[in-house]
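Trainee: Fold the stuff below for me.
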Amino acid sequence: MMLIRSMVAAFIASACALSGGAPTHVGAGACKPCHKVQFESWSASAHAKLKPVLDCEACHGPGSEYKAVRIMKDPAAAKKAGLLMPDKAQCATCHGKKKVSPMTDAMFAKVHAHKKKG
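Mentor: Now for the predicted structure:
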């Protein structure tokens, strides 16, 4: 039985390697069912109105590997699967350049709404 499990694990690993295994974008709609507050807040933001749109994955990374509820419920597993938690430095890659306003602490604090913890 252990030999079969090892063979299956090796097959899956090689299949991922052959396919490139790179995470892919799933779209903001995939985030909405669990992150309604954030989605609605983002939808009303300038990011949502840009062309191309700066959606959830523009800041948090492609979601194909971390979108599953069982992964998202474990922050360490989600980060290991590619979830990015952007900081002001990442925002500054656009903010403060050309016609984009500089990122401030106040702006960063309200990037999008979050559910109240309680």
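Trainee: Name the nearest residue to the most centrally placed residue in the chain, sequence neighbours excluded.
Mentor: Computing the C-alpha centroid of the chain and ranking residues by CA atoms, centre = their mean puts residue 60 first, at 2.9 Å. Of all residues not flanking residue 60 in the chain, residue 84 sits nearest, at 5.2 Å (CB to CB, 6 or more residues apart in numbering). No exception for glycine: its C-beta is placed from N, CA and C like everyone else's.
Trainee: hang on, the earlier thing: run through the residues that contact the residue nearest to the centre of the chain.
Mentor: By CB atoms under 8 Å, 6 or more residues apart in numbering, residue 60 lies in contact with 83-86.
Trainee: let's go with 10 Å and repeat that
Mentor: Under the criterion of CB atoms under 10 Å, 6 or more residues apart in numbering, the neighbours of residue 60 are 31, 66, 78, 82-86.
Trainee: For the buried ones among those, write the corresponding ChimeraX selection.
Mentor: Listed next is the ChimeraX selection for buried residues among the contacts of residue 60, using 16 or more other CB atoms under 10 Å:
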select :31,66,78,82,83
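Trainee: Tell me the buried residues in stretch 55-69?
Mentor: Neighbour counts over stretch 55-69 (16+ other CB under 10 Å) mark 55-67 as buried.
Trainee: Show me where the chain dips below the pLDDT cut-off.
Mentor: Where the chain drops to pLDDT under 70, the residues are 1-20, 117-118.
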